[in-house]
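Student: Please work out how this folds:
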Amino acid sequence: MASLVYELSLPGPHTVMRGDLGLIGLRGVVFTPKSGRDLPAIAFGHGWLQPPRRYHGLLRHLASWGIVVAAPGTQVGPFGSHRLFAADLSAALDACVGVRMGDLRVSPERLGLAGHSFGGGSAVLAAAQDPRVKAVATLAAAEAHPPASVAASQCHMPGLHIAAGNDMVAPPVANAHLIAQYWGGPTQLRELPKAGHLGFAEGRHWSQLLLPGKGERKTQRIARALLTAFFLTHLTGATEYAKFLEDDVKGAPLAS
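Tutor: Numbers count the residues shown, from 1 in each chain. A predicted model of the protein is given here:
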């Protein structure tokens with residue numbers, strides 16, 4: 001398993017391009033492989049107060065493995081709306097499918113959602129309302145308004161929920177654990193025992209004056225490997241990572 005974590009945490013074989021969601025009237029960024037047909041795509045939701053740039057490494061990484069990733073930069077203020085952000089995540093998927101992006105095409109049958117913290121809860125709300133979504137992954141998901149744990153029962157696609165054991169902002173027992181518990185489809189909960197809430201975010205940001213913790217490279221490395229394996233498996237039908245997803249991973253064991 002250690003070799004697969006290492007392999008999947010390295011950049012994939014695709015050259016990565018970066019674009020701007022402003023072309024469709026939505027603030028944010030999109031990372032894509034340079035070309036490809038019938039590609040999978042996900043919309044990624046940022047954490048509370050976090051700009052999308054704090055996840056560029058993750059987004060670029062997924063794109064290097066052949067996944068189109070759109071990250072809206074809306075609802076970044078302290079009073080951001082989960083419901084409106086969920087709508088923006090679905091709009092980002094609309095853009096991936098409907099907007100011509102050079103020599104690549106996204107399959108409308110290979111769409112997913114992901115998010116950190118505020119964005120994780122919003123991704124669950126969006127998935128409950130969007131029948132196109134085939135897989136959802138959350139990182140230190142925080143409850144939403146309306147509750148993501150209630151919306152989770154309407155999510156019948158595979159779910160992967162990665163919790164941070166040292167999370168003092170969205171403690172797993174009242175957030176990621178509840179979402180996983182009420183998930184309507186096949187689900188998996190993993191807890192990174194030494195990770196903090198901001199461990200998934202990259203670089204520095206003024207919000208660290210308000211929120212405890214900082215970016216953690218080990219946490220980011222494990223998250224990249226798990227999300228890559230999860231989305232390649234459930235959005236493209238790849239079989240080589242199934243065993244990896246089923247077993248304990250060092251630093252990210254399956255929660256009972």
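
Student: Name the helix or strand for D38, please.
Tutor: In the assignment (DSSP states H and E), D38 maps to strand 35-45.

Student: Now do that strand: which elements does it pack against?
Tutor: Counting by 3 or more Cβ pairs under 8 Å, 6 or more residues apart in numbering; DSSP states H and E, the packing neighbours recorded for strand 35-45 are helix 56-64, strand 68-72, helix 82-98, strand 103-116, helix 118-129, helix 217-236. Heads up, the C-betas are built off the backbone N, CA and C, glycines and all.

Student: Run me through the strand neighbours of that strand, direction for each.
Tutor: Strand pairing for strand 35-45, using DSSP bridges, gives strand 68-72 (parallel), strand 103-116 (parallel).

Student: who are the neighbours in contact with V133?
Tutor: Under the criterion of Cβ atoms under 8 Å, 6 or more residues apart in numbering, the contact list for V133 reads 93, 111-113, 126-127, 157.

Student: Restricted to buried residues, select those residues in ChimeraX.
Tutor: Isolation of the buried members of the contacts of V133 (16 or more other Cβ atoms under 10 Å) is achieved in ChimeraX through the command below:
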select :93,111,112,113,126,127,157
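
Student: Redo the contacts of V133 as CSV? Include pLDDT and distance to P40.
Tutor: Conversion of these to CSV gives the following (pLDDT from 0 to 100; distance: Cβ to Cβ, whole Å):
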residue, pLDDT, distance to P40
L93, 97, 11
L111, 98, 7
G112, 98, 7
L113, 98, 12
A126, 98, 16
A127, 98, 15
M157, 98, 13
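
Student: where does this structure have low pLDDT?
Tutor: 1-2, 256 (pLDDT under 70).

Student: and which of the contacts of V133 is nearest G203?
Tutor: When the contacts of V133 are compared for distance to G203 (Cβ to Cβ), L113 comes out closest, at 23.5 Å.
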